[in-house]
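Novice: Just the structure for this:
(one chain, ligands or ions: 2)
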Amino acid sequence: MKIGVIGAGAIGMFVSAKLSKSHDVTCYVRRDEQRLIINDEGIRLNDQTYRVASKLFDNLKNEDLLIICLKQTHLDSALKKLSENHPDTPMLFLQNGLSHIDKIKSLSQPILIGTCEHGVLRVSDYEVRHKGEGRIYLSAFEETTKELAKERISPIIDGDDFPVIFKDDLMSMLYEKLVINSVINPITALFQVENGKVLSNSHLKEIAYNLTVEGCEVLNLDENHMWKRVQQVAEHTSSNFSSMVYDIQKGNETEIESMNGYLLNISDQELPNHELIYHLIKAKEIM
Ligand SMILES: NC(=O)C1=CN([C@@H]2O[C@H](COP(=O)(O)OP(=O)(O)OC[C@H]3O[C@@H](n4cnc5c(N)ncnc54)[C@H](OP(=O)(O)O)[C@@H]3O)[C@@H](O)[C@H]2O)C=CC1
Ligand SMILES: CC(C)(CO)C(=O)C(=O)O
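Specialist: Ligands and ions are numbered 1, 2, ... in the order given. Sure thing, here's the model as predicted:
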């Protein structure tokens, strides 16, 4: 299958390397220097080289599947180009948070949504390290794309060391990941620590628990189940630095609006823990 991966950051490079074993993968990037180095060196994932082609996103070609690995904060500028792509080419969106759901309604192509529980660290423009085993969960955006998501795309991209699991219920898949990220990401970004510290530091663990409980109240999720899931992901990715740590380090806008900001927007009750951590991250962003 010809697969185009949009955005060669941590997740884009990881997904490209894994899929390149069985598919013809092209990474679409926005900087020429990154395009050149990936074409010259391939992608290095844990010291192994994977041959992947790279092109500029402006020169997007027809592919059988597009996997969008941009951050939430990059999506607005990319949507126009994506909307002009071939009307039948499925697009799989792999963002954390929930802001993309409203934005991609404007696309006429078949849309699939995924969540990624791997921990991946970007080392350079062509090198990544897999720092935590996880899975990709995949669901259909609409009833009409269910068969495509379940019977065609999931089984084709699923691999022994790259599990892709179809989920029938899109919103519960997204809500679970939203709670996980609204706990792990801002805590680790504030303290610039690995995900494991959220559990090994008793004070951070208490904050994590309180954030989990508040998130579950808003989304009507079972808090015992979700607290187990938060701990499970923090353990499996314990040596990874979350994607928000990287944004704070680089002075980039974070995805906080799509995570804790999203919860604050939809909640009709006070969420003191989410409100505080939201403002702490916003303060860090402009420091
Ligand atoms: N890192 C992780 O462990 C995990 C991340 N996620 C989620 O996956 C998503 C991607 O995160 P992550 O890979 O960490 O993010 P990164 O910041 O590492 O990567 C995003 C990439 O998108 C590129 N980009 C931005 N705009 C464009 C454009 N118009 N055309 C082409 N490329 C573009 C950036 O390019 P440039 O380099 O030029 O800035 C960057 O390389 C996020 O929603 C994140 O929350 C989910 C699970 C785990
Ligand atoms: C799964 C986890 C927590 C991995 O670090 C992640 O989603 C992220 O970093 O954004």
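Novice: average pLDDT across stretch 125-136?
Specialist: Regarding stretch 125-136, the rounded mean pLDDT is 94.
Novice: Oh, that last question was meant for stretch 143-162, not what I typed.
Specialist: In this model, stretch 143-162 has an average pLDDT of 92.
Novice: do it and ligand 1 meet at all?
Specialist: No. Stretch 143-162 lies out of reach of ligand 1 by Cβ under 6 Å from any ligand atom, never closer than 13.7 Å. Backbone N, C-alpha and C define where each C-beta goes, glycine included.
Novice: Can you tell me what sits against that stretch?
Specialist: For stretch 143-162, the surrounding residues in contact (Cβ atoms under 8 Å, 6 or more residues apart in numbering) are 1, 3, 18-19, 21-23, 65, 90, 92, 110-112, 136, 138-140, 164-166, 168.
Novice: just the strands in the stretch 1-150 of the chain please.
Specialist: In the stretch 1-150 of the chain, strands defined by DSSP state E, counting those that start in this stretch lie at 2-6, 24-29, 43-45, 48-50, 53-56, 65-68, 91-93, 111-116, 119-122, 127-132, 136-140, listed in chain order.
Novice: bridging residues for S139?
Specialist: I113 (DSSP bridges).
Novice: residues contacting it?
Specialist: Contacts of S139 (Cβ under 8 Å, 6+ apart): L112, I113, G114, A149, F166, K167, D168, D169, L170, M173.
Novice: returning to what we had before: any of the contacts of stretch 143-162 buried? List them.
Specialist: 3, 18-19, 23, 65, 90, 92, 110-112, 136, 138-140, 164, 166 (16 or more other Cβ atoms under 10 Å).
Novice: Nearest to ligand 1 among those?
Specialist: Within the buried ones among the contacts of stretch 143-162, distances to ligand 1 taken as Cβ to the nearest ligand atom reach their minimum at I136, with 9.1 Å.
Novice: That closest one - nearest residue in space that isn't next to it in sequence?
Specialist: Nearest non-adjacent residue to I136, counting by Cβ to Cβ, 6 or more residues apart in numbering: V164, 4.7 Å away.
Novice: Just the buried positions in the helix or strand hosting I207, please.
Specialist: Element membership for I207, per DSSP states H and E: helix 202-219. Going by neighbour count (16+ other Cβ under 10 Å), the buried part of helix 202-219 is 204-205, 207-212, 214-216, 218-219.
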